[in-house]
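>>> Got a sequence here, can you build the structure:
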Amino acid sequence: MDMVSGLEEAIRKAGGVGAFAQALGLAQPSVSAWRSIPAEHVLDVEALTGVSRTLLRPDLYPETGGSAAEIDDVDMARAQEYALLGSLLLRAPDADILARLAGLQGTDTPLGAAHTALSQAASAASPEVLRREYFDLFEGVGRGELLPYASYYLTGFLNERPLARLRGDLERLGLERAGGHCDPEDHLGTLCEIMSGLAGGRFTASPDEERDFFGRHIAPWAGHFFADLEKAQSARFYRAVGALGRVFVDIEAEGFAMETRRSA
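Got it, this is the predicted structure:
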């Protein structure tokens, strides 16, 4: 069963698209436009309909993936952080996501402070304004203010050697681009989704492969991108996203560096 038929099965079990959208607390037109279930809604849909996540989004939850029970709390938290960043970079948040973000609880750490700032930004934002902000930042007329692609940040051009290297590594990991996605795979939102799958055990990879993927495809440029997002002219809500991403990538880089030193 592919992603579209998984979505169709979930809608059927919920009693139609109207009942499906209502149960999720979403607007029916938004749900009707889905070609696949957004990553942040997969687990809710699974709980609502009983349709397995491996059928709803096999690209994120392949049958061969590791069991969540085998993943420790730290890696699950990392997976959730990557999933959050991926979701916000790939699409403007809707009202449901904003409500969830507004409920984030911060702690007395740099990452906790970034969560608090994101919560405050979400509380002050509206879906309509954020759709325009997202367009101005990442799409624009011709191009947006920022281009969140590894090739662009590393070479100044799209679809260059960093994308080719990434595709080779994805092939070695047995990962394929999901149907209906036309963006190059080196979009930072997509890379965050991949890291979420690696950290959460949904994709089969060794710790060394996960560390190497981060080092090859995220570490060289993501911090620079997030810093640019923090100060982008078009950014309001997304300044908080940039701060969160910058802090989290720094934490990840230090964590992987410590693992390397321990194994040396």
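>>> helix/strand/coil for M258?
The three-state assignment at M258 reads helix, by DSSP: H, G, I helix; E, B strand; the rest coil.
>>> Can you give me the neighbour number for it?
By other C-beta atoms under 10 Å, 10 other residues sit near M258. Bear in mind the C-beta positions are built from the backbone N, C-alpha and C, glycine included.
>>> where's it relative to F135, distance?
Going from M258 to F135 by C-beta to C-beta, to the nearest Å gives 40 Å.
>>> So what would you say the end-to-end distance of stretch 114-134 is?
In stretch 114-134, first residue to last residue: 20 Å (C-alpha to C-alpha, to the nearest Å).
>>> Centre of the chain to it, how far?
Computed by C-alpha atoms, centre = their mean, to the nearest Å, the chain-centroid distance of stretch 114-134 equals 16 Å.
>>> what's the answer for stretch 132-146, then?
Taking mean C-alpha positions (C-alpha atoms, centre = their mean), stretch 132-146 and its chain are 18 Å apart.
>>> mean confidence score for it?
Mean per-residue pLDDT for stretch 132-146: 95.
>>> Contacts made by that stretch with the rest, please.
Residues outside stretch 132-146 that contact it (C-beta atoms under 8 Å, 6 or more residues apart in numbering) are 89, 91-92, 147-148, 225, 228-229, 232-238.
>>> Just give me the residue right at the centre of the chain.
Geometric centre of the chain, nearest residue: G86, 1.7 Å, by C-alpha atoms, centre = their mean.
>>> I'd like to know how far that one sits from S126.
Distance from G86 to S126, by C-beta to C-beta: 22 Å.
>>> Which positions in stretch 206-213 come out as buried?
Applying a neighbour-count criterion of 16 or more other C-beta atoms under 10 Å, one finds 210-211, 213 buried in stretch 206-213.
>>> returning to that earlier point: please look at the residue nearest to the centre of the chain and A39 and confirm they touch.
Yes. Shown here, G86 and A39 form a contact pair, counting by C-beta atoms under 8 Å, at 6.7 Å.
>>> Now list whatever residues contact both of those two.
Common neighbours of G86 and A39 (criterion: C-beta under 8 Å, 6+ apart): 193, 196.
>>> Give the residue spans of this protein that score low on pLDDT.
Along the chain, the parts satisfying pLDDT under 70 run over 1-4, 59-71, 177-181, 264.
>>> Could you spell out which stretches of it belong to which domain?
Listed by automatic domain parsing, the domain ranges of the chain are 1-58, 71-263.
>>> hmm, back to that, report the buried members of the contacts of stretch 132-146.
89, 91-92, 147-148, 225, 228-229, 232, 234-235, 237-238.
>>> and which of those residues is nearest to L55?
Distance to L55 across these (C-beta to C-beta) is lowest for R91, with 22.1 Å.
>>> I figured that closest one hits A39, correct?
No. Under the criterion of C-beta under 8 Å, R91 is not in contact with A39, lying 10.0 Å apart.
>>> Next up, the contacts around L158.
So L158 contacts 147, 149, 151-152, 184 (C-beta under 8 Å, 6+ apart).
>>> Hmm, I typed the wrong one, I wanted A27.
Residues counted as contacts of A27 (C-beta under 8 Å, 6+ apart) are 21, 94-95.
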